[in-house]
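Colleague: Take a look and give me a structure for this.
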Amino acid sequence: MKKTPRRPPSKPLDAASARERALRLLARREHGARELTAKLRQRGADADTAEAAVSRLAERGLQSDDRYAETLARHRAGQGYGPLRIRAELAQAGIDRGRIEQVMEDLQVDWAAQAAAIVERRFAGAAEDRETGLRAWRHLAGRGFSAGEIRAAVRGYDPDDPGGS
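Modeller: Sure, this is the predicted structure:
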């Protein structure tokens, strides 16, 4: 099914409309300030109006980058993504480095164990078979796990070792 492109708004959003639109977006899920501002801009608010609406909502506690970062990190970890991918996604959302590290520490996830569970569930025999081990390695790397976490999860297979396992 082909998506129809979004029509540009017929008139620019004023401050009240921008605030209302932002509230409706936040009612569905958490948004970072950068993302929420961009969505308001896409829907017809000028830059100053969008930023003012988002900052007013943040002052009232309705929009929080901290809450957004925690929610996103917990959700992505639950989906099986690794710490490198989650950190990159948070940084792209405009979350500062110190807050990212605090969120990652608060998650208290054993990333090597999570990677091992993914390998066990999706790649039975990854340690015995070179091809399966390579597929598992690529899969985990693409999901944002570090080489050490992957090496621990795919025991016996190292793509840097040309002799195989």
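Colleague: Who are the contact partners of the spatially most central residue of the chain?
Modeller: Per Cα atoms, centre = their mean, the C-alpha nearest to the average position across the chain is that of E89, at 4.3 Å. The neighbours of E89, taking Cβ atoms under 8 Å, 6 or more residues apart in numbering as the test, are L72, R76. Every C-beta, even on glycine, is put in place using the N, C-alpha and C of the backbone.
Colleague: What distance do you get for it to P83?
Modeller: Counting by Cβ to Cβ, to the nearest Å, the gap from E89 to P83 is 11 Å.
Colleague: And K11, by the same measure?
Modeller: Taking Cβ to Cβ as the criterion, K11 is separated from P83 by 44 Å.
Colleague: for L72, same thing?
Modeller: Using Cβ to Cβ, which is the criterion applied here, L72 is 13 Å from P83.
Colleague: Quick one: name whatever helix or strand follows the helix or strand containing the residue nearest to the centre of the chain.
Modeller: Here E89 is covered by helix 83-92, with elements defined by DSSP states H and E. Once the chain leaves helix 83-92, the next helix or strand it forms, by DSSP H and E, is helix 97-107.
Colleague: any idea of the mean pLDDT for that following helix?
Modeller: Average pLDDT, helix 97-107: 96.
Colleague: tell me which residues in it are buried?
Modeller: I100, V103, M104, L107 (16 or more other Cβ atoms under 10 Å).
Colleague: One more: stretch 123-143?
Modeller: Taking 16+ other Cβ under 10 Å as the neighbour-count basis, stretch 123-143 is seen to contain the buried residues 123, 126-127, 129, 132-137, 139-141, 143.
Colleague: Then stretch 78-87?
Modeller: Judged by neighbour count using 16+ other Cβ under 10 Å, the buried positions of stretch 78-87 are G80, Y81, G82, P83, R85, I86, R87.
Colleague: Tabulate these in JSON lines, adding columns for distance to R155 and pLDDT.
Modeller: Formatted as JSON lines, the buried residues of stretch 78-87 follow (distance: Cβ to Cβ, whole Å; pLDDT from 0 to 100):
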{"residue": "G80", "distance to R155": "19", "pLDDT": "95"}
{"residue": "Y81", "distance to R155": "21", "pLDDT": "97"}
{"residue": "G82", "distance to R155": "17", "pLDDT": "97"}
{"residue": "P83", "distance to R155": "20", "pLDDT": "97"}
{"residue": "R85", "distance to R155": "22", "pLDDT": "97"}
{"residue": "I86", "distance to R155": "24", "pLDDT": "98"}
{"residue": "R87", "distance to R155": "25", "pLDDT": "97"}
